[in-house]
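Q: Turn this into a model:
(one chain, ligands or ions: 2)
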Amino acid sequence: MYAHIKLYHRFIDVGFMNTRVYDNCLLATMVKGDVPYGLISDAAFCLRDGYIEWVGEAKALPPIYRDAAKTDLGGALVTPALIDCHTHLVHGGDRAGEFEMRLEGATYEELARAGGGILSTVKATRAASDEELTRQSLVRLDRLLADGVAVVEIKSGYGLTIDDEIRMLRIARRLGDLRPVKIVTTWLAAHTLPVEYKGEADRYLDEVAIPGLERAAAEGLVDSVDGFCETIGFSVAQIARLFDKAVALGLPVRLHAEQLSNQRGAVLAAEYQALSVDHLEYLAKSDVAALAAAGTGAVLLPGAFYTLRQSQQPPVAAMRDAGVGMSVATDCNPGSSPLSSLLLAMNLACNLFGLTPEEALRGTTREAALALGLGSEFGTLIKGGRGELAVWNVSHPAQLSYHIGATPLLRRISAMEAV
Ligand code: NIG
Ligand code: FE
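A: Ligands and ions are numbered 1, 2, ... in the order given. The predicted structure is shown next:
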């Protein structure tokens, strides 16, 4: 019946059943150009069937919208809804015990080599039922949604068997049915070696990560392919084998690169036209040009830098100068970044990495959408884009990065429906 109404509406272009005008607002459109944040003051915009049909200064609103339903936004700031483009949101348990050990001097790598780290979360994730994993993940997802988030990327990587990796992605997809959010799924079976394959990374790739990817992709569960390129993860040559399979399946790639040491994984990823390379604290300035040339985005994860109390910063100035798109994400995970506020990630990116508040907001809107391959629909407030927006109780967009531990979200405007 609903579909029938829509159809009627499309054919007989009268009334404004699915059309609404919003006015009395300040818009940060995040459109590229000369105006910071793409700001439009005294603005209005019009949504129709969940898409943006018109946007501009209120005084220029076309007369055809005169009789449309109207919402007065009371002078609030409106931005594209936020996008968290790097999370490990689905996982079992927590690692507060390792947090205590790190505070007493143990390093992240030492804990990983001793069988803790990612492997302890693998144990907890394998042991948890689907219901339990869903319940725990929803708590974190709801915190992200409270920060005005509309799109969340979620990786596998705590299953490390074909079935357990696929189970993680199924649960990730299910979260998108339970909440008004778009979920983007990433195959991260090459996260670490499970104990069953200790010392046999290539055999693990041949028996789990690569054939599992093929199966998960056939089930429609994979939007992109990721790996952990590190001394405690996988080598460049091993990641290349995984990426070859991704290319064969027509899937885009991204990579955890240069987080703890410089393996030149980012350069490899750029050769595969990766959508993004993530972390990058140890990226050499001389490798930045390769990212720019490939159009590969950089995803900055200040929550992990902060939690691991790192001191080497990613080469932000070099990436800015080279025109590399920079995103900011939570990296929400139980080990290196138990962070479930994207606004706090923006604040950390400014204070720890020297991003401007405008770059931080770009990093969770326009650039994050590009890093997920969703640039035509999400991340900017433009005609033809999805009407997924966030309305904020602030007078200037810099305040979104400035506050610590507060969410000034008034409401989301969304056409997404949860069950
Ligand atoms: O992005 N670096 C590898 N993966 C995660 C950490 C996962 C974990 O510690 O559980 C990261 O930091
Ligand atoms: Fe990560």
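
Q: Only C-alpha atoms from now on, for both contacts and neighbour counts.
A: Noted.

Q: Partner strands of the helix or strand where residue 24 lies, with direction?
A: Assigned by DSSP states H and E, residue 24 belongs to strand 19-28. Neighbouring strands of strand 19-28 in its sheet, by DSSP bridges, are strand 39-48 (antiparallel), strand 69-72 (parallel), strand 77-80 (parallel).

Q: Closest to the centroid, which residue in the chain?
A: residue 85 (1.1 Å; C-alpha atoms, centre = their mean).

Q: what are the ranges of the helices in the stretch 101-250 of the chain?
A: Counting by DSSP state H, counting those that start in this stretch, the stretch 101-250 of the chain has helices at residues 108-113, 118-127, 130-145, 162-178, 201-204, 210-218, 236-248.

Q: and the gap between the residue in the stretch 51-200 of the chain positioned nearest to ligand 1 and residue 416?
A: Residue of the stretch 51-200 of the chain nearest ligand 1, by C-alpha to the nearest ligand atom: residue 118 (4.1 Å). Here the distance between residue 118 and residue 416 works out to 33 Å (C-alpha to C-alpha, to the nearest Å).

Q: who's in contact with the closest residue to ligand 1 within the stretch 151-300 of the chain?
A: With C-alpha to the nearest ligand atom as the measure, residue 228 is the residue of the stretch 151-300 of the chain nearest to ligand 1, at 5.8 Å. Residues near residue 228 by C-alpha atoms under 8 Å, 6 or more residues apart in numbering: 188, 190, 191, 192, 234, 255, 256, 257.

Q: Swap in 6 Å and give it another go.
A: Residues in contact with residue 228, defined by C-alpha atoms under 6 Å, 6 or more residues apart in numbering, are 191, 256.

Q: Tell me the pLDDT of it.
A: Listed pLDDT for residue 228 reads 98.

Q: for it, which residues make a bridge with it?
A: residue 256.

Q: any idea how far residue 112 is from it?
A: 13 Å.

Q: what does the stretch 201-350 of the chain have sitting close to ligand 1?
A: Applying C-alpha under 6 Å from any ligand atom, we find that the stretch 201-350 of the chain lies next to ligand 1 at 228, 304, 331, 333, 334, 335, 336.

Q: Show me this structure divided up by domain.
A: 7-80+379-418, 83-371 (automatic domain parsing).

Q: hmm, back to that, so which of the strands paired with strand 19-28 gets nearest residue 268?
A: strand 77-80 (32.2 Å; C-alpha to C-alpha).

Q: For the closest one, report the contacting residues that lie outside it.
A: Contacts with strand 77-80, where a contact means C-alpha under 6 Å, 6+ apart, come from 25, 26, 27, 28, 379, 380, 381, 389, 390, 391, 392.

Q: Now do residue 417, the pLDDT please.
A: Confidence score, pLDDT, at residue 417: 78.

Q: Isn't it up against residue 181?
A: No - under the criterion of C-alpha atoms under 6 Å, residue 417 makes no contact with residue 181, lying 8.2 Å away.

Q: Look at those two and report which has more neighbours.
A: Using other C-alpha atoms under 10 Å as the criterion, residue 417 and residue 181 rank with residue 181 on top: 22 against 11.

Q: so how far is the first residue of stretch 196-211 from its last?
A: Using C-alpha to C-alpha, first and last residues of stretch 196-211 are 17 Å apart.

Q: got the buried residues for it?
A: 201, 202, 204, 205, 208, 209, 210, 211 (16 or more other C-alpha atoms under 10 Å).

Q: Against residue 116, how distant is residue 110?
A: Taking C-alpha to C-alpha, one finds residue 110 at 9 Å from residue 116.

Q: who touches residue 187 in this structure?
A: Each residue near residue 187 by C-alpha under 6 Å, 6+ apart is listed here: 155, 156, 225, 226.

Q: How about it, nearest residue that isn't a chain neighbour?
A: residue 225 (4.8 Å; C-alpha to C-alpha, 6 or more residues apart in numbering).

Q: Quick one: residues contacting the residue of the chain found nearest ligand 1.
A: The nearest approach of the chain to ligand 1 comes at residue 335, 3.7 Å away (C-alpha to the nearest ligand atom). Applying C-alpha under 6 Å, 6+ apart, we find residue 335 in contact with residue 95.

Q: And it, how far from residue 116?
A: Separation of residue 335 from residue 116 (C-alpha to C-alpha) stands at 10 Å.

Q: Give me the pLDDT for the closest residue to residue 45 other than its chain neighbours.
A: The spatial neighbour of residue 45 that comes closest, neighbours along the chain excluded (C-alpha to C-alpha, 6+ apart), is residue 55 at 4.2 Å. For residue 55, the model assigns a pLDDT of 98.
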